[in-house]
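>>> Just a sequence and a predicted model for now, questions to come.
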Amino acid sequence: VVFPVADGITAIDTFMGGRAPYTAAYLLEATETALVETGPGTSVEPVTEALHSLGVARDELAHIVLTHIHLDHAGGVGRLAERFPRTVWVHQRGAPHLVDPERLVASTARVWGEAEMRELFGPTEPVASGRVRPLEDADTIALGGRDLLVLATPGHASHHVALVDSRTGSVFT
């Protein structure tokens, strides 16, 4: 399920754990197309299918940007980065956990339990270190025709950022 939410922003239902609507990813149309969030590992197929239905080819997704690394928002990033091999942007504190997600997965299992974690979040694959770009407060991600301003917003997670879209003023939290 995809639907427009603002000028050049399309929501993609990630069908987290097969459930709809539960979480979303957002496609930003620009010279360098970006996906904000990926959903968990269980979302890789629905998100990939949605991107293809929106006409985004393998080489046309330039950026994946994450607000934070919790598995409901970013668990599918490793597999999506393999399919759409582009830059992955994340707060500098979260970057090491994308490259080596072992501690992140173990922490999630302690909170949710192994069975529930597998059902909701599925597999979590690492991202190749050369694709990960760390972010800090006040950084700007230039997409061509629109930018994302990065605001450090620790609280929910120490590595959490909000992203402000220059074209619409939309804020991804």
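The structure has been received and is ready for your questions. Numbering: from 1, shown residues only.

>>> Let me see the mean pLDDT of stretch 26-44.
Mean pLDDT, taken over the full extent of stretch 26-44, equals 97.

>>> Give me the distance between the most centrally placed residue in the chain and T108.
Per C-alpha atoms, centre = their mean, the C-alpha nearest to the average position across the chain is that of E37, at 2.1 Å. E37 sits 16 Å away from T108, taking C-beta to C-beta, to the nearest Å as the criterion. No exception for glycine: its C-beta is placed from N, CA and C like everyone else's.

>>> measure the residue nearest to P46 when sequence neighbours are not counted to L66 for me?
Of all residues beyond its chain neighbours, the one nearest P46 is F15 (4.3 Å), with distances taken as C-beta to C-beta, 6 or more residues apart in numbering. Relative to L66, F15 is positioned 18 Å away (criterion: C-beta to C-beta).

>>> more neighbours, those two?
Each of F15 and L66 has its neighbours counted (other C-beta atoms under 10 Å); L66 has more, 28 against 22.

>>> Phi first, then psi, for the more buried one.
Comment: the main-chain dihedrals of L66 come out as phi -120, psi 140, following degrees, to the nearest 10.

>>> got a list of what it touches?
For L66, the contacting residues are V36, E37, T38, H73, A74, V77, V88, W89, V90, G94, L98, taking C-beta atoms under 8 Å, 6 or more residues apart in numbering as the criterion.

>>> Need phi/psi at the fourth one.
Translated: H73. Comment: the main-chain dihedrals of H73 come out as phi -100, psi -30, following degrees, to the nearest 10.

>>> on contacts alone, who are the packing partners of the helix or strand of the chain with the lowest mean pLDDT?
Using mean pLDDT, DSSP states H and E, helix 114-121 stands out as the lowest-scoring helix or strand of the chain, at a mean of 92. Where contact means 3 or more C-beta pairs under 8 Å, 6 or more residues apart in numbering; DSSP states H and E, helix 114-121 is packed against helix 71-74, helix 102-112.

>>> ranking the ones you listed by burial, who's on top?
Using mean count of other C-beta atoms under 10 Å, the stretch among those with the largest mean neighbour count is helix 71-74, at a mean of 25.

>>> Now do D100, the pLDDT please.
D100 is assigned 98 on the pLDDT scale.

>>> That one: neighbour count?
Residues lying near D100 (other C-beta under 10 Å) number 12.

>>> switch to numbering from 28
Done: numbering now begins at 28, and the last item shifts to D127.

>>> Apart from its neighbours in sequence, what residue is nearest it?
Setting aside the residues directly before and after it, D127 is nearest to P153 in space (C-beta to C-beta, 6+ apart), at 6.1 Å.

>>> Near the residue nearest to D166 when sequence neighbours are not counted, how many other residues are there?
Once its chain neighbours are removed from consideration, D166 has its nearest residue in V177; the separation is 4.3 Å (C-beta to C-beta, 6+ apart). Neighbours of V177 under the rule other C-beta under 10 Å: 21.
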